[in-house]
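> Sequence and predicted model, in that order:
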Amino acid sequence: MSLAQVLLRQQKVKEADDFVQKALSQNPKSAILLTALGEVQYREGTPWLAGVSADAAMKLDPCYPQLRLLRAQLLRLNSYYASAAKEVGVAHSLNPYDPLIRRRWLETLPVKERIAELEAYLSTRSGDDPETMRGLHFYLDFLKQQEIQPRKSCRLVSDTETATVPFAAMMQDGDHIRTFGLDVKFNDHNARLQIDTGASGLVVSRSVAEHAGLKQFSRMDIGGIGSEGRKAGYTAFADDIRIGSLEFRDCEVAVIDKRNVVDSDGLIGMDVFSRFLITLDYPMRKLLLAPLPPRPGDVAPLKPTLETTSSASDVDPPADTAEAQPSVVSPVLRGPRDRYIAPEMKDWTHVYRIGHNLLIPASLNKTEQKMFILDTGAFATSISPEVAREVTKVHADDRIKIRGISGNVDTVYTADNITFQFANISQKVQDVVAFATPSISKNLNMEVSGFIGFTALAQMTIGIDYRDGLMKFSYDANRGYKFPQ
């Protein structure tokens, strides 16, 4: 088991798979090995297989702590946040000294206790890589700064909880739309932020922050697509944010210490609206926000607000907790909640969620399913070269330039025709852009085979329920957005 974990930490996924499969052939009734298999399957991007392995291990040894942690991962991935928290608690009670269990457990603690436990964690050898340690130190500094300079929770102050916000065109040149954004006011200063389901929170450039008077709260760094590593930045708080008819106060903003963010003022991750029911209506070029369906037993549903707190931490953002809005006193709403599928959403598609990322399995040319991120911030649907080679031919292509927050991608390929099938959608893509995304897969602890990008998603009306891990894709050929030739 320990060797498999070491191999996974070294990103040697195939070697870990080979090791576990060989060991299982000699001892197929081992809960330890079945758990290791589940961890490998999760990392390979097949959580549905990991669930089967975890269930088999559970029948053999429900007291194995690493198994409980694996179950917590799978539950959280499927938006069962309350059940996941319980599994983490059980894992910690069984083995409070395991670094992975300890790190997940401290995320469930109140802030003051979390600071103490995180300091203790960082003072011991955990086996975490330097990038992870750096992120945890940034997170600790952020939590300490909150104690020194307490901030009110981000909150909605306008009377309405619904809104229709027109898209703002972001041009590639005088004749061609590159993508769409939203016009946002920070402290009465205008900015146009790209709509990006692949980003988290509100991310703005240094120039936007300076004009809006956003002062540094704590240091951080930000990463994304590109081969140049993470970029320096800082967190700040905006006294006032206006998006359409909605007004919010005291909300966190991430600032990249550069004059622009991928040729724009910044990005607005749709997870900022995770307390709303979201509709991205690309044919009509508008964003619609409405309250989420109330759950059975809800006394007073949480008032929607902007969820912008994930930028300071490498952990998942809070999921439907009352801690973010201390004015809510109903005991029904305290703590994490499990997903709820309202009757009117029975036909919505289940998607996986890791932090701000929405992931969906897609089959390629009718072969086995691979995991893709739904990313309106990626102009085109893309695929990793390794996965593309499994279904078609791949060619190096130095004419294509891909750039993200982490700079340019070193090597770009194109793949011959691939038909992507996900949810109720089938789309044939010619000359698919292909590039490797090892840092994305490492950060998510799950193999990502590519991105379903803007050119596919912008032809649809998309409903998103971040709370419950649900999406709805509607396509009408007569009203889809037409890309200029």
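Nice, I can see it. This one's a predicted model, so the numbers in the text were calculated from it and none came from an experiment.
> For the stretch 251-400 of the chain, which residues score under the pLDDT cut-off?
For the stretch 251-400 of the chain, the stretches with pLDDT under 70 are 300-301, 310-334.
> As a check, name the ranges of all strands in it.
With DSSP state E, counting those that start in this stretch as the criterion, the stretch 251-400 of the chain has strands at 266-269, 276-281, 286-291, 349-350, 352-354, 357-364, 369-374, 382-383, 394-396.
> strands paired with the first one, and their directions?
Strand 266-269 has its sheet partners listed here by DSSP bridges as strand 189-196 (parallel), strand 202-205 (antiparallel).
> Any chance you could list what contacts the shortest one?
Pointing back at strand 202-205 there. Identification of contacts with strand 202-205 by C-beta atoms under 8 Å, 6 or more residues apart in numbering yields 184, 186, 191, 193, 212, 214, 222, 241, 251-256, 258-261, 264-269, 272, 306, 308, 311, 405. No exception for glycine: its C-beta is placed from N, CA and C like everyone else's.
> Now the buried members of the residues you listed.
184, 186, 191, 193, 212, 214, 222, 241, 251-256, 261, 264-269, 272, 306, 308, 311, 405 (16 or more other C-beta atoms under 10 Å).
> Could I get the buried residue list for stretch 345-357?
M345, W348, V351, Y352, R353, I354, G355, H356, N357.
> Widest-spaced pair of these?
Across the buried residues of stretch 345-357, no pair lies farther apart than M345 and G355, at 22.3 Å, counting by C-beta to C-beta.
> Listing partners with orientation, what would you give for the strand or helix carrying M471?
Remark: M471 resides in strand 470-475, with elements defined by DSSP states H and E. Sheet pairing of strand 470-475 (DSSP bridges) gives strand 349-350 (antiparallel), strand 460-465 (antiparallel).
> Next, the angle from it to strand 276-281.
20 degrees (axes from the mean of the first three to the mean of the last three C-alpha atoms, to 10 degrees).
> burial count for Y466?
Y466 has 27 neighbouring residues, counting by other C-beta atoms under 10 Å.
> got it, and R389?
Using other C-beta under 10 Å, R389 is surrounded by 14 other residues.
> Is A168 bridged to anything, and to what?
G181.
> my read: it touches F180, true?
Yes - in this structure, A168 is within contact of F180 by C-beta atoms under 8 Å, at 6.7 Å.
> Check the offset of stretch 5-17 from the chain's centre.
Mean C-alpha position of stretch 5-17 versus that of the full chain (C-alpha atoms, centre = their mean, to the nearest Å) differs by 23 Å.
> Now tell me what touches it from outside.
Residues outside stretch 5-17 that contact it (C-beta under 8 Å, 6+ apart) are A4, F19, A36, E39, V40, R43, E44, G127, D129, P438, K442, E447.
> Now pLDDT, distance to A423 and neighbour count too, for the residues you listed, in a markdown table please.
Putting these into a markdown table (pLDDT from 0 to 100; distance: C-beta to C-beta, whole Å; neighbours: other C-beta atoms under 10 Å) gives the following:
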| residue | pLDDT | distance to A423 | neighbour count |
| --- | --- | --- | --- |
| A4 | 88 | 33 | 23 |
| F19 | 95 | 35 | 19 |
| A36 | 96 | 32 | 30 |
| E39 | 97 | 27 | 26 |
| V40 | 97 | 27 | 26 |
| R43 | 97 | 24 | 22 |
| E44 | 96 | 22 | 19 |
| G127 | 81 | 38 | 10 |
| D129 | 86 | 35 | 12 |
| P438 | 89 | 27 | 11 |
| K442 | 91 | 27 | 17 |
| E447 | 96 | 20 | 21 |
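> Pipe those residues into a markdown table and attach distance to Q459 and secondary structure per row.
As requested, the contacts of stretch 5-17 are exported to a markdown table (distance: C-beta to C-beta, whole Å; DSSP: H, G, I helix; E, B strand; the rest coil):
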| residue | distance to Q459 | secondary structure |
| --- | --- | --- |
| A4 | 42 | helix |
| F19 | 44 | helix |
| A36 | 42 | helix |
| E39 | 37 | helix |
| V40 | 36 | helix |
| R43 | 32 | helix |
| E44 | 30 | coil |
| G127 | 45 | coil |
| D129 | 39 | coil |
| P438 | 30 | helix |
| K442 | 31 | helix |
| E447 | 27 | coil |
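> quick one: which of the residues you listed is nearest S158?
Lowest distance from S158 to the contacts of stretch 5-17 (C-beta to C-beta) belongs to K442, with 40.3 Å.
> who touches that closest one in this structure?
Shown in contact with K442 (C-beta under 8 Å, 6+ apart): Q11.
> where along the protein do the helices fall?
2-9, 13-26, 31-43, 47-60, 65-77, 81-94, 99-106, 111-122, 130-148, 206-212, 385-389, 438-444, 454-457 (DSSP state H).
> V429: which of the ones you listed is closest?
Comparing the helices of the chain by C-beta to C-beta, helix 454-457 comes nearest, at 7.7 Å.
> Compute the number of surrounding residues for the residue lying closest to P291 once chain neighbours are set aside.
In space, and not counting its chain neighbours, P291 is closest to E161: 5.5 Å by C-beta to C-beta, 6 or more residues apart in numbering. Around E161 there are 16 other residues, counting by other C-beta under 10 Å.
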